[in-house]
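Asker: sequence? don't have it. structure:
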């Protein structure tokens, strides 16, 4: 009788990896954690579900239509769509229990009901770091963030990347300076699109919101400054307080980054970076893979003056960046990055040659105690099949263990990479694995 | 002007830890991962959201009312309520890409809309391991599972625990043997409640489903066998095939566990363990904290013959256990377990004494490169406040770095535990931290 079966599918836009890929993904997460923790960031883990009134306290615009929101009984619930809002809630809620500056990282899944398309995920990991101050926060934190981004990418063995910075005060000051203050937000949104549209379209969009062509040209020229940017910016100095403050901050950040261990070729000032979201108030960051500019920024963030204004009267300035990890991972894997990461479940497979399984078991235990992943193949299969299993799982070493080995207190040890097999002691086998030498 | 604010709350039944507790929670997860991976288990990460028809393919009974289920557009979605159903889907879906036995662990959040009460969570972590075979799976995997449970608890420095085992074939065989085969499922459910009800209630429940008092007494006596259990079970042998098979399996598992490294005092046969869920077909496990029997089993599971029957015609037997991690953690912390786990964000805080922050930064970098968590305190605060910050974050060492230190190429190094302060070289400071010696 045929059973009735349901087709085992995974929702589109939801990444579900095969085991060897999952190992690599987990290694990426482990590297991020290690770097973040080395800088003294606390881990944080907030719920995926929150009350809608809490998560949507400040929302509006695009976010609302993209969220997963539903009723459970009388409770209006929303799945988190980023890790910043939960952080704001957390800091406001636990203000008295925290010490400031509060440094936290969070790596977790977020949910956005966007139309699923290549490279867009509905469930995806974000990896965020933020440093939140109480009333004030030193600009040095903004510099440290850059050195952390740099270290993360280097540790992932990505070399072809660039961290672009800008300062929102500079942009806002410039817009004030050319008397377009009342169109600040709309102009920021258009600037934010610069990299995706032509100059013609850029000017057309500005005209649509009432910016004359001459001023449009001036904005275009300004955001496209490339050489000696800081020197050129000084020619605008002294006319607008906010601009001057932004220039001062940008200069401080740009000039100090090298002292914080980031080689200058990994950093560029780019005045066309605006970060659409309106809560940024100072330094802003975007990070690009040089060979994959088309995918956009893979690590973005900035300085904000008031993280949790929707939850508390307390002024909590901060700075942070977020990596869209699922997307970054899928780009990296599609382009053969991370390929030197070992993705095998085990180094040693122990194959018992007789029914006395527990002797084989003690061999695997020996390796595990030494920190080497190892297990016994328990199933009653032909040797050919077992070796095929080891191969498919990319397990390099196999141990054969039977009566002869037991009597002689030795093991038959085979390196599947070289095909060489020897009759040696456990300690010798251990040394071979540790030294990573060929048999 | 007062801003309008939303109260920053977290849903009840959703655990959200303060930073020092979160560090400990993450260490528990890290230990579980390390143990699981040492046994060659692949990591797995499946979506939290799935199509309802997929997740609920086999559901019914209690689960349905407890789930988080909603429509997004036309799609009927459910948040996963365990990690077993997603595993079944995954294995059926990726059958051709996997090698068998497929060993996987998954540590992730699951969702159950139960009434929130002490020790009950609506969002909680489960930590699952399963070994899934193709058509067949050796009984040795059932023994290995016990040795993994043992190792996990030992590694968490929990000593007062016991792993109880039983075998479903034995129970089912016994019920057949006393001619109650047609009431098998109902009887299993009542047996499952044994530890929570009196003998009187037990017999009354059985009478309710039509089991006469004499037979009820016999069942009660059977499931409460304590001494020489296996020997006593032999007195029932030879009357029912399933019973005999169960006895044989139970004996194999029980007798071999010691050879798999588990001291006998950590294991007990308990015939009253039934595991309500009806997909178990062989060995079943429950793990109890000796001093907290009242909280019930903290790590349960068993052998099943057909994992993915709702998704595939392929017969996939397996064995696995699940730890309700959020609940276990809250019990452990409430009872002062895990207290020796270091829960500080950093070992060394560097305090710059003048404006040349980047020299201080290079000190922190030095420590980070050596694998010691360290960062600079950037804020412009009074020394007393900075030291209070270090204390509240349980940071043991502080470095003072100013002009004098810079000129002499030394650091002022203070051990906040002892209050002792010395003017020493970076290398000396490093040695002190590594040796964990007092200044």
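Answerer: Alright, I've got the coordinates. Bear in mind the structure is a predicted one, so any value in this text is a computation, not a measurement. Numbering: from 1, shown residues only, chains lettered A, B, ... in the order given.
Asker: Name the helix or strand for the residue most central in space within chain A, please.
Answerer: Chain A has residue A:323 as the residue nearest its centroid, 3.1 Å off, counting by Cα atoms, centre = their mean. Taking DSSP states H and E as the definition, one finds residue A:323 inside strand A:318-324.
Asker: Ignoring the adjacent residues along the chain, who's closest to residue A:273?
Answerer: The shortest distance from residue A:273 to any non-neighbouring residue, by Cβ to Cβ, 6 or more residues apart in numbering or on different chains, is to residue A:166 (4.2 Å). For glycine as for every other residue, the C-beta is placed from the backbone atoms N, C-alpha and C.
Asker: Show me the strands in the stretch 251-400 of chain A, by range?
Answerer: Assigned by DSSP state E, counting those that start in this stretch, the stretch 251-400 of chain A shows strands spanning A:267-269, A:280-289, A:299-304, A:318-324, A:348-352, A:374-376, A:397-401.
Asker: for the first one, the distance to its chain's centre please.
Answerer: What that stands for is strand A:267-269. A distance of 20 Å separates the centroid of the chain from that of strand A:267-269, by Cα atoms, centre = their mean, to the nearest Å.
Asker: Whether it contacts chain B - can you check?
Answerer: No: shown here: strand A:267-269 not in contact with chain B (Cβ under 8 Å from any Cβ of the partner chain), separated by at least 15.2 Å.
Asker: quick one: strands adjacent to that strand?
Answerer: strand A:161-167 (parallel) (DSSP bridges).
Asker: repeat for the fourth one
Answerer: When pairing is defined by DSSP bridges, strand A:318-324 lines up against strand A:123-132 (antiparallel), strand A:299-304 (antiparallel).
Asker: Taking strand A:280-289 as reference, get the angle to the strand holding residue A:323.
Answerer: 30 degrees (axes from the mean of the first three to the mean of the last three Cα atoms, to 10 degrees).
Asker: Identify the residues contacting strand A:318-324?
Answerer: With contact meaning Cβ atoms under 8 Å, 6 or more residues apart in numbering or on different chains, strand A:318-324 is reached by A:32, A:82-84, A:124-133, A:137, A:141-142, A:145, A:148-149, A:152, A:282-283, A:285, A:287, A:298-304, A:307.
Asker: do that again at 6 Å, thanks
Answerer: Here strand A:318-324 makes contact (Cβ atoms under 6 Å, 6 or more residues apart in numbering or on different chains) with A:126-132, A:141-142, A:145, A:285, A:299, A:301, A:303-304, A:307.
Asker: From start to finish, how long is stretch A:348-359 in a straight line?
Answerer: Taking Cα to Cα, to the nearest Å, stretch A:348-359 runs 15 Å from one end to the other.
Asker: quick one: is it near chain B?
Answerer: Yes: residues of stretch A:348-359 contacting chain B under Cβ under 6 Å from any Cβ of the partner chain: A:357, A:358.
Asker: for chain A, what helix or strand is lowest in average pLDDT?
Answerer: Every helix and strand in chain A was compared by mean pLDDT, DSSP states H and E; the lowest is helix A:62-66, with a mean of 66.
Asker: The closest residue to residue A:233 other than its chain neighbours and residue A:183: what is the separation?
Answerer: Counting by Cβ to Cβ, 6+ apart, residue A:233 lies nearest to residue A:247, which is 5.3 Å off, once chain neighbours are set aside. Using Cβ to Cβ, to the nearest Å, we find residue A:247 at a distance of 22 Å from residue A:183.
Asker: got the residues of the stretch 201-350 of chain A near chain B?
Answerer: Counting by Cβ under 6 Å from any Cβ, the residues of the stretch 201-350 of chain A lying close to chain B are A:259, A:260, A:310, A:311, A:345, A:346.
Asker: so what does the longest helix anywhere in chain A touch, helix or strand wise?
Answerer: In chain A, taking DSSP state H as the definition, the longest helix is helix A:19-38. Counting contacts by 3 or more Cβ pairs under 6 Å, 6 or more residues apart in numbering or on different chains; DSSP states H and E, helix A:19-38 packs against helix A:140-155, strand B:42-43.
Asker: what's the last one in contact with?
Answerer: Spelled out, it's strand B:42-43. A:19, A:22, A:26, A:345, B:104.
Asker: Next, the angle from the strand holding residue A:323 to helix A:19-38.
Answerer: If you take the same axes, to 10 degrees, strand A:318-324 sits at 170 degrees to helix A:19-38.
Asker: how much does strand A:318-324 deviate in direction from helix A:140-155?
Answerer: Computed by the same axes, to 10 degrees, the angle between strand A:318-324 and helix A:140-155 is 20 degrees.
Asker: tell me the mean pLDDT over strand A:318-324?
Answerer: Regarding strand A:318-324, the rounded mean pLDDT is 97.
Asker: Check the offset of it from the chain's centre.
Answerer: Distance of strand A:318-324 from the chain centroid (Cα atoms, centre = their mean) equals 9 Å.
Asker: ditto for stretch A:234-248
Answerer: Using Cα atoms, centre = their mean, the offset of stretch A:234-248 from its chain centre is 34 Å.
Asker: swap in stretch A:254-269?
Answerer: How far stretch A:254-269 lies from its chain's middle: 21 Å, per Cα atoms, centre = their mean.
Asker: Pull out the buried positions in that stretch.
Answerer: A:254, A:256, A:257, A:260, A:261, A:262, A:266, A:267, A:268, A:269 (16 or more other Cβ atoms under 10 Å in any protein chain shown).
Asker: how much space between the third one and residue A:144?
Answerer: Right, residue A:257. For residue A:257, the distance to residue A:144 - Cβ to Cβ - is 10 Å.
Asker: Now do whichever helix or strand residue A:220 is part of: everything it contacts.
Answerer: Per DSSP H and E, residue A:220 falls inside helix A:213-223. Residues from elsewhere that reach helix A:213-223 (Cβ under 6 Å, 6+ apart): A:174, A:178, A:191, A:203, A:206, A:271, A:272.
Asker: what do you get for stretch A:404-417?
Answerer: Under Cβ under 6 Å, 6+ apart, the answer for stretch A:404-417 is A:359, A:396, A:398-401, A:421-425, A:429, A:439.
Asker: tell me the least confident of those?
Answerer: residue A:439 (55).
Asker: so how far is chain B from residue A:367?
Answerer: Relative to chain B, residue A:367 is positioned 9 Å away (criterion: Cβ to the nearest Cβ, to the nearest Å).
Asker: so which pair among the buried residues of stretch A:254-269 is furthest apart in space?
Answerer: Between any two of the buried residues of stretch A:254-269, the greatest separation by Cβ to Cβ is 18.8 Å, found for A:261 and A:269.
Asker: burial count for residue A:334?
Answerer: 12 (other Cβ atoms under 10 Å in any protein chain shown).
Asker: Check residue A:29 too.
Answerer: Neighbour count for residue A:29, taken as other Cβ under 10 Å: 17.
Asker: ditto for residue A:202
Answerer: 22.
Asker: again with the one 4 residues further on
Answerer: The local packing of residue A:206 (other Cβ under 10 Å) involves 23 other residues.
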